[in-house]
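> what follows is a predicted structure for the sequence shown.
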Amino acid sequence: MALQQGIQRFTISGKEKNMFAAFFLSLVLGPVGLFYSSVKGGIIMTLAGGATVLLGKSTDSPVFFKWGLIFVWIISMIWSYNTAKKTIKNDDKRLLFRNAESILYKALIFILAFTITIPLVIILIYIIRQGITQVNWHFLTHVPAPVGEKGGGIANALLGSFLMVIMSALLAVPVGISAGIYLSENPKTKLAYYAGLCVDILQGVPSIVVGIVIYFWIVKPIGFSAISGSVALAIMMLPIVIRSTEQTLKMLPDSLKEAALSLGVPYHRVILKVIVPCGFAGILSGIMLSIARIVGETAPLIFTAFGNSYLSTNVLGPMESLPHVIFTYATSPYDDWHNLAWGASFILLVFVLALNIITKVITRKWKVQL
Amino acid sequence: MSAILVLIVVGVFITLIVQSWPTIKTLGIGYLWGKVWDPVSNVYGAYPFLIGTLLTSFIALFISIPFSYAIAIYLGEYNPKGWLSDLLKNTVELIAAVPSVIYGFWALFVLVPKVRALELAWHIAPYGIGILTSSLILAVMIIPYGASLGITLIRMTPSPLKEGAYALGATRFEVIQKVITPYTRSGLFAGVLLSLGRALGETMAVTMVIGNTSALANSFKEMIFGPGNTMASVIANEFTEADHTQYLSALIELGLVLFCVTVVINLIGKRIITRFTN
């Protein structure tokens, strides 16, 4: 008898739906919560609720709308409780309560985690919608027109961003890769400890502080220039490049280096021709991530590269850049400048997202650990 | 080459100190709690900006903590692999990738009217821009930093601990609440610190939405819903207009305070993480 009861208690037949969780879910979500305990009932009650709302809105009568909805809600709660209760074999109230807690917590975490997709989707869609109408060939090849005149574009910003990013990369990549190589080859020296500390510090410094310092180092002597903007951006690129180089090279097996050394290859050749080409994918993704980061940075450029309404390739003079033009035109009171800013935001967004997606594809394809 | 790194950082620090020396000499430490910022009559006090920075950062932090915690638990414990978790992970990384000017631009044109309508409905002065709006957009921007750190740490809880709890009959929620959370508590705190460090230094999105008012608010409601200024936004706005050395060095001193605070917070956070992972 006891054995039969035991088998009855712990046999799993069909899926058990917790009745407290079912009740709470339909209390909060109404007819939609009924889906947890019975799909058929969920469909029926959701349709009924939808019909009530539509009827209430079209006939404009509060009775139908409010009372009908409350009626549907209560029916859903009772229905879900009863259907769930029938599937329960073991009615240990305390265990049921703990299970309900667990199920509801999972639902809460799920909802909270996925709400984060909503702002991102809204922002992306809004910018794409506003910006895509602005971008055409004229937009990409002309400088901004004076306020009130039609037309104009952001060619100076595109050229400026392009030049400054290339210059920063030329400055930061050699320094960053060599520092990363040094950190991964000699991790125990004092210089490595302090350099690691400085990388962490640089990573956390606000970008505007970097801009201030470059103002005093470079702008005071030679005036507002694209070079000063590039140096500021290069300082911000450095931590990312160094960290990714260091981690990529640390993940490489030691046997590679040992094999090359045992063949008599001089040390600098081992690094340049064996280790670095092996870690190339990781280093490249680090460089691309850092470029994606700095192409959108405005704060260092406000008082270093300063902005320029004309198409200029003079790197010793002020130069416009994409994020700076977005900032200037967005905070201006003119509508056609706002439109230019939307187009620029669209281009910047597409570029940054493309870089990030390419990086992800590279890391997944070459199985790099970043 | 790595020596260049150290030189850069030390150089940054020294330049900041040297350039703010005039203000440090004349106003001393009382600068930090001077309540009036009036460049025209050469009176400088950083208190309004300290309040603005602390308010925006902490409100943003409180709004974002539940979300980053939920993402970390979901991706670390409930759903580590699979297409849905890949989707969520990529979304979170994309949020971190979008430049901050774009967030500020969007907030200025979409969020501000909505907040204005809300304030009208609640019978508060309908500024629209202000500390609350900038905290909202900051919260969205700093969620990825806490979340990605949390995911790594939660995945690192040792399986024997969790399996022991399951063997004793714990439900999933109880394992998370009583095993994982106490184990990763210090690591999650470090994630919060890193998000805070990022929020403190954020300039562009905040500058575009905060209203740029360098005065102290009169009432609590106005402090939260009205315009204000943070240290970073006042530097961004007034740096190019600082004509005399006192003004300039007052701004640089703000930069020095920002530098020290973010460096300390980031270093503490990273130290906690390295101690946790060893």
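Happy to help now that I have it.

> setting the sequence-adjacent residues aside, check what's closest to A:Phe23.
A:Tyr81 (4.7 Å; Cβ to Cβ, 6 or more residues apart in numbering or on different chains). C-betas here are computed from N, CA, C, even on glycine.

> and the one you found, that one's in a strand?
No: using DSSP: H, G, I helix; E, B strand; the rest coil, the secondary structure at A:Tyr81 is helix, not a strand.

> distance of it from chain B?
20 Å (Cβ to the nearest Cβ, to the nearest Å).

> pretty sure that residue contacts A:Ala22?
Yes: using Cβ atoms under 8 Å, A:Tyr81 is in contact with A:Ala22, at 6.1 Å.

> leaving out the residues flanking it, which one is nearest to A:Ile227?
A:Val315 (5.4 Å).

> next, that neighbour: phi, psi?
phi -80, psi -10 (degrees, to the nearest 10).

> CA atoms only for stretch B:242-259, dumped as CSV, please.
Provided in CSV are the C-alpha atoms of stretch B:242-259 (Å, rounded to 0.1, in the frame of the first residue of the first chain):
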residue,chain,number,x,y,z
ALA,B,242,37.8,80.3,-20.4
ASP,B,243,39.7,83.6,-21.0
HIS,B,244,41.7,84.2,-17.9
THR,B,245,44.1,81.8,-16.1
GLN,B,246,42.0,81.6,-12.9
TYR,B,247,39.0,80.3,-14.9
LEU,B,248,41.0,77.9,-16.9
SER,B,249,42.8,76.4,-13.9
ALA,B,250,39.5,76.1,-12.0
LEU,B,251,38.3,74.0,-14.8
ILE,B,252,41.5,72.0,-14.9
GLU,B,253,41.1,71.3,-11.2
LEU,B,254,37.7,69.8,-11.9
GLY,B,255,39.5,67.6,-14.5
LEU,B,256,42.0,66.6,-11.8
VAL,B,257,39.2,65.6,-9.4
LEU,B,258,37.6,63.6,-12.1
PHE,B,259,40.9,61.9,-13.0
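
> roughly how far does A:Thr117 sit from chain B?
Taken as Cβ to the nearest Cβ, the span from A:Thr117 to chain B is 5 Å.

> that residue reaches B:Lys89, doesn't it?
No: applying Cβ under 8 Å, one finds A:Thr117 not in contact with B:Lys89, separated by 11.3 Å.

> could you say which helix or strand holds B:Pro80?
For B:Pro80, there is no helix or strand it lies in under DSSP states H and E.

> how close does it get to chain A?
With Cβ to the nearest Cβ as the criterion, B:Pro80 and chain A are 13 Å apart.

> hang on, the earlier thing: A:Tyr81 and A:Ala22 - which one has more neighbours?
Neighbour tally, A:Tyr81 and A:Ala22, criterion other Cβ atoms under 10 Å in any protein chain shown: the higher count belongs to A:Ala22, 28 against 18.

> can you pull the buried residues of the one helix or strand B:Phe259 maps to?
For B:Phe259, the host element (DSSP H and E) is helix B:245-277. Buried residues in helix B:245-277, counted by 16 or more other Cβ atoms under 10 Å in any protein chain shown: B:246-259, B:261-263, B:265-267, B:269-270, B:272-273, B:276.

> residue contacts, the residue nearest to A:Phe23?
A:19, A:22-23, A:26, A:37 (Cβ atoms under 8 Å, 6 or more residues apart in numbering or on different chains).

> mean confidence score for the stretch of helix or strand A:Leu353 belongs to?
Element membership for A:Leu353, per DSSP H and E: helix A:335-365. The average pLDDT within helix A:335-365 is 87.

> who does that helix touch, helix- and strand-wise?
When contacts are defined as 3 or more Cβ pairs under 8 Å, 6 or more residues apart in numbering or on different chains; DSSP states H and E, helix A:335-365 sits against helix A:117-132, helix A:280-294, helix A:322-330, helix B:83-97, helix B:100-106.

> in it, what's buried?
A:336-349, A:351-352, A:355-356, A:359-360, A:362-363.

> likewise for stretch B:165-176?
B:165, B:170-176.

> okay, it in PDB with CA atoms only?
Extracted C-alpha coordinates of stretch B:165-176, given in PDB (Å, rounded to 0.1, in the frame of the first residue of the first chain):
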ATOM      1  CA  ALA B 165      22.800  22.500  -3.200                       C
ATOM      2  CA  TYR B 166      20.700  20.800  -5.800                       C
ATOM      3  CA  ALA B 167      21.400  17.400  -4.200                       C
ATOM      4  CA  LEU B 168      20.000  18.700  -0.900                       C
ATOM      5  CA  GLY B 169      16.800  19.600  -2.600                       C
ATOM      6  CA  ALA B 170      17.100  23.300  -3.400                       C
ATOM      7  CA  THR B 171      15.100  24.900  -6.100                       C
ATOM      8  CA  ARG B 172      16.900  26.900  -8.800                       C
ATOM      9  CA  PHE B 173      16.000  30.100  -7.200                       C
ATOM     10  CA  GLU B 174      17.400  29.000  -3.900                       C
ATOM     11  CA  VAL B 175      20.600  28.000  -5.500                       C
ATOM     12  CA  ILE B 176      21.000  31.400  -7.100                       C
END
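
> is it in proximity to chain A?
Yes: legend: contact between stretch B:165-176 and chain A by Cβ under 8 Å from any Cβ of the partner chain is shown at B:171-174, B:176.

> which residues outside that stretch are in contact with it?
Applying Cβ under 8 Å, 6+ apart, the set of residues contacting stretch B:165-176 is A:98-99, A:101-102, A:105-106, B:73, B:77-78, B:162, B:178-179.

> which of these are buried?
If we count by 16+ other Cβ under 10 Å, the contacts of stretch B:165-176 have these buried: A:98-99, A:101-102, A:105-106, B:73, B:77, B:162, B:179.

> find residues that contact each of A:Tyr81 and A:Ala22.
In contact with both A:Tyr81 and A:Ala22: A:Ser37, using Cβ under 8 Å, 6+ apart.

> what's the nearest residue to A:Ile132 if we skip its chain neighbours?
A:Phe346 (6.0 Å).

> now do the contacts for the one you found.
So A:Phe346 contacts A:127-128, A:130-132, A:134-135 (Cβ under 8 Å, 6+ apart).

> looking at chain B, which helix or strand is least sure?
Here the helix or strand of chain B ranked lowest by mean pLDDT, DSSP states H and E is helix B:21-27, holding a mean of 63.

> could you chop chain A up by domain?
Following the assignment in automatic domain parsing, chain A carries domains at A:14-114, A:137-365.

> among those, which is the most enclosed?
Each of these was scored by mean neighbour count; the highest is domain A:137-365, a mean of 20, by mean count of other Cβ atoms under 10 Å in any protein chain shown.

> kindly reformat the helices and strands packed on helix A:335-365 as TSV containing mean pLDDT and distance to B:Ile131.
Output for these, formatted as TSV (pLDDT from 0 to 100; distance: least, Cβ to Cβ, whole Å):
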stretch	mean pLDDT	distance to B:Ile131
helix A:117-132	89	19
helix A:280-294	89	27
helix A:322-330	88	20
helix B:83-97	89	22
helix B:100-106	91	15
